[in-house]
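Engineer: what follows is a predicted structure for the sequence shown.
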Amino acid sequence: MAWIEHDHASPEALAEALADELHARCRDAIDTRGRALLALAGGRTPLPAYRAFAAKRLDWSCVVMFPTDERCVPHDHPACNVTELRHAFDGARGEIIESLTTEDGDCARSEMHARRRLAVYPELFDAVVLGMGLDAHTASLFPGAPQLREAMDLDNALPATRVDPHPLPPEAPFPRISLTLSHLLHSRRLILAITGEGKREVLRKARASTRVSSFPVAALGQGETDVHVHWSP
Ligand SMILES: O=C1O[C@H](COP(=O)(O)O)[C@@H](O)[C@H](O)[C@H]1O
């Protein structure tokens, strides 16, 4: 499918555009299907967009969100993705933020928990927001992870899986639970939000490469949904 580029003048402009887009997607989903289902990346890049989105008027009780991936850490750990996501939505009221991990962050229990919770929502995501690392990982589909092949197999019907980044990133040395590629692509709208020239160059290389195991982000183009790339300096 096509990669559609949206360049913004600043991170603030990117955040506003992304917040508007999520708002419009949710309003439409609630009007037509009674509920909006989102999958949202962790990391620093999209947080301002989530805060701007959370400040908008919406029937938040009809919105369900999942993280695209989470570190296997207890929920009171400073590196916990779902806790950070919940803080970003402090301004909203009544939304449901599901977690891919159990409260204690145990990886084996979390993998089962994630699969059970995702099974409750079999419909397409109304939007999936992804980020990307400078190593071309997206969600927690890390190049070099032993589970990468299975996690990126489009015939894999499991919605979520454990991933052990190899090597472990020093800034967040934890195993993860990630949505699988097939489940990330199970969406009406795919959005990749990145900032900086470095990430733009990594994405350019990834799209030009045929080695998706080295550039997992490139696999987003394997689905039937266009990939909307929101970039700012
Ligand atoms: O490790 C991760 O990093 C990426 C990018 O994070 P950022 O802080 O550079 O925006 C993130 O999208 C992903 O969910 C997370 O696992």
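Structural biologist: Cool, got the structure.

Engineer: strands along the chain, start to end?
Structural biologist: Along the chain, counting by DSSP state E, strands occupy 3-7, 36-40, 63-67, 69-71, 96-97, 127-130, 160-163, 176-179, 190-195, 227-232.

Engineer: so which of these is the most packed in?
Structural biologist: Comparing these by mean neighbour count (mean count of other C-beta atoms under 10 Å), strand 176-179 ranks first with a mean of 29. Any C-beta I mention is one placed from the backbone N, CA and C, and that applies to glycine too.

Engineer: quick check: phi and psi on Asp59?
Structural biologist: phi -80, psi 80 (degrees, to the nearest 10).

Engineer: my read: Arg33 touches Glu123, true?
Structural biologist: Yes. Under the criterion of C-beta atoms under 8 Å, Arg33 makes contact with Glu123 at 7.3 Å.

Engineer: what residues does the residue nearest to Cys62 when sequence neighbours are not counted make contact with?
Structural biologist: Spatial nearest neighbour of Cys62, excluding adjacent residues (C-beta to C-beta, 6 or more residues apart in numbering): Ile30 at 4.7 Å. Counting by C-beta atoms under 8 Å, 6 or more residues apart in numbering, Ile30 touches 36, 58-59, 62-63.

Engineer: could you do Trp231 as well?
Structural biologist: 5-8, 14, 194-195, 199-200.

Engineer: what does Thr195 give?
Structural biologist: Contacts for Thr195 were tallied using C-beta under 8 Å, 6+ apart; they are 11, 14, 45, 231-233.

Engineer: got it, and Ala79?
Structural biologist: By C-beta under 8 Å, 6+ apart, the neighbours of Ala79 are 71, 73, 172, 174.

Engineer: name the nearest residue to Gly34, sequence neighbours excluded.
Structural biologist: Cys62 (6.6 Å).

Engineer: that's all I had, so thanks and see you.
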